[in-house]
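Q: Structure for the following, please:
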Amino acid sequence: MSRTFVTGGSGFIGRRVLAAADTVAGEWHTGGRGARPADLPAAIVWHRFDIMEPPSVRQVMADVRPTHLLHLAWLDATGGRYWQSVDNIEWVEASLRLAREFARAGGRRFVGAGTCAEYAWTAPVLSEALTPTEPSTTYGRCKNALRILLEEFCGLSGIEFAWGRVFWVHGPQELPTRLVASVVNAIREGRVAELGDGDRRRDYLHVDDVASAFLALLAAPDLGPFNIGSGEARAIRDVAEAIARRLGRPDLVAFGARPTVAGDPAVLVADTTRVRRLWRPRFDPAAALEATLDACLGAGRDKAGGAGS
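A: Below is the predicted model of the structure:
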């Protein structure tokens, strides 16, 4: 029987992975520094541990002895500070320690969460096989360096290794700084949602589809990097206007109110050829946005987003 340990289980993607874990056989474990989250499914075993403390990681891996590990935890993304933060380097170090302890505990398959920011954003379609990994941010460079080191370590240790490069994500309890939540919050508060020109096109995926992709990577024997995206590019303008129409306030979206970032690519979309052999998203892009808006508007909160997102 498999025993899977998920880091970042109380985060935006991790909580959706664990919410769907009952569809997969085996034991499921997660943990963190604080108390067990109230919304964690009863079948998931919670462990108090600190991923930044080597003895704590060594103990939890020895106690659980997981066969599979899904590593989602990373630097807090609040406010976008992670893009150029030196703290990313600490997370590389912590992730390598985690892999070593997983190996010592007899682990068999390691699945890590990467990012489309590992790629050079010089072409509209980003491909695992064809696009260079030449990241332009500290975050992207650290994720890419970690992927290289983990692939080498796991190969030498007899551990299967897969890496999911996540593109743009939305869904319930997303950070209030993300596109959907920021526009929803502004309109519900009667403020103007100030955006750039709105013409940038990005690959958006619902968080439940991201979660199901990681579950597929845990179960598959396939190795290496996989893009986790929809394979379709949607204009930021279209997303924001759809939200404004749903809320009945198209007048509260202002395009061009913020400058466009120099060098920001017009289109970025995942080549999903490789991952589609293992997984397909449940939502199409329009239905995915509607599901996120249903969650935001039906959550009974004053604002979209929430703790742990």
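Q: Name every strand pairing with the helix or strand harbouring Leu69 and say which way it goes.
A: Here Leu69, judged by DSSP states H and E, is contained in strand 68-71. Sheet partners assigned to strand 68-71 using DSSP bridges are listed as strand 3-7 (parallel), strand 109-115 (parallel).
Q: any chance of those in CSV, with distance to Pro281 too?
A: No exception for glycine: its C-beta is placed from N, CA and C like everyone else's. Shown next, in CSV, are those (distance: least, CB to CB, whole Å):
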stretch, distance to Pro281
strand 3-7, 20
strand 109-115, 17
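Q: want to try JSON lines for the ones you listed, with mean pLDDT as columns?
A: Shown next, in JSON lines, are these (pLDDT from 0 to 100):
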{"stretch": "strand 3-7", "mean pLDDT": "98"}
{"stretch": "strand 109-115", "mean pLDDT": "98"}
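Q: Return the set of buried residues in the next helix or strand after the strand holding Leu69.
A: As assigned by DSSP H and E, the chain's next helix or strand after strand 68-71 is helix 87-104. For helix 87-104, burial by neighbour count (16 or more other CB atoms under 10 Å) applies to 88, 91-92, 94-95, 97-103.
Q: between those residues, which is nearest Leu223?
A: Of all those, Ala99 has the smallest distance to Leu223: 15.0 Å, by CB to CB.
Q: Run through the residues that contact the closest one.
A: By CB atoms under 8 Å, 6 or more residues apart in numbering, the residues touching Ala99 are 110, 150, 153-154, 159.
Q: What strand or helix carries Thr272?
A: When elements are assigned from DSSP H and E, Thr272 belongs to no helix and no strand.
Q: How about it, nearest residue that isn't a chain neighbour?
A: Using CB to CB, 6 or more residues apart in numbering and skipping the chain neighbours, the partner closest in space to Thr272 is Gly231 (3.9 Å).
Q: gap between the strand holding Leu69 and the chain center?
A: Computed by CA atoms, centre = their mean, to the nearest Å, the chain-centroid distance of strand 68-71 equals 14 Å.
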